[in-house]
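S.K.: The sequence isn't on hand, but the structure is:
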C-alpha cells in the first residue's frame, strides 16, 4: 500500500519533469500539442475500443462461446485509452505499449494462467477429503420437521 501511495505521489512529479525536458528540447508549444494530441488519441481509442469490444463479445456469444478473451482485450484497450487521455509523456508511452497487439496477447495469456492456477487452488481445497466435519454424535441443531395449520377462532 505504501508503494502505491509513493507511486501516486511520484508519478505527477515524473510527468512534469519529463514535460519540462521535452519542452526544453523541442519547444513548449510543440510539446503541449503532443500532449493534446495524445489526449485526443486516447479519447478516440476509448470510443472505438468500446464499440469493437461490444461487437466481438456479441459475436462470441452468438457462437456459443464465452467472450472472456474479447472482454480482456477490450479492458486493455480501455486502459490504454485512459493512459493516453491522462496528460503526460510517460502515461502516453504506457498507453501506446498497451495498444500493441502482442502486449495485449501476452497480458491475456498471463492473466488466463493466473486465473486457471487460482481455480485449481480453490478446487483443491474444495474437494478436500480431510476437511473438518462434525462428529456423528456431536452437537447438532435441534430441527423438528413437520406441517402446521393455522386455526383462528
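M.R.: Arrived safely. Being a predicted model, the structure only gives us computed values, none of them experimental.

S.K.: contacts, neighbours, all on C-alpha from now
M.R.: Will do.

S.K.: Show the contacting residues for residue 61.
M.R.: Residues near residue 61 by Cα atoms under 8 Å, 6 or more residues apart in numbering: residue 67.

S.K.: Now it: which helix or strand?
M.R.: helix 28-62 (DSSP states H and E).

S.K.: Pull out the buried residues from the strand or helix carrying residue 107.
M.R.: For residue 107, the enclosing helix or strand under DSSP H and E is helix 101-126. Using 16 or more other Cα atoms under 10 Å as the burial criterion, the residues of helix 101-126 that qualify are 104, 107-108.

S.K.: Out of those, the closest to residue 35 would be?
M.R.: Of all the buried residues of helix 101-126, residue 104 has the smallest distance to residue 35: 23.7 Å, by Cα to Cα.

S.K.: wouldn't that closest one be in contact with residue 73 here?
M.R.: Yes: between residue 104 and residue 73 there is a contact at 6.4 Å, judged by Cα atoms under 8 Å.

S.K.: What is the distance between the helix or strand bottoming out on mean pLDDT in the chain and the centre of its chain?
M.R.: Lowest on mean pLDDT, DSSP states H and E among the helices and strands of the chain sits helix 101-126, with a mean of 82. Its chain's C-alpha centre and that of helix 101-126 lie 13 Å apart, by Cα atoms, centre = their mean, to the nearest Å.

S.K.: Tell me the helices and strands packed up against that helix.
M.R.: Here helix 101-126 touches helix 68-85, going by 3 or more Cα pairs under 8 Å, 6 or more residues apart in numbering; DSSP states H and E.

S.K.: Contacts for the helix it packs on, please.
M.R.: 38-46, 49-50, 52-53, 56-57, 91-99, 104-105, 108.

S.K.: Now the buried members of those.
M.R.: Buried subset of those (neighbour count, 16+ other Cα under 10 Å): 38-39, 41-43, 45-46, 49, 53, 56-57, 91-92, 95-96, 98-99, 104, 108.

S.K.: Can you list the low-confidence ranges for this structure?
M.R.: Applying pLDDT under 70 to the chain flags residues 124-140, 153.
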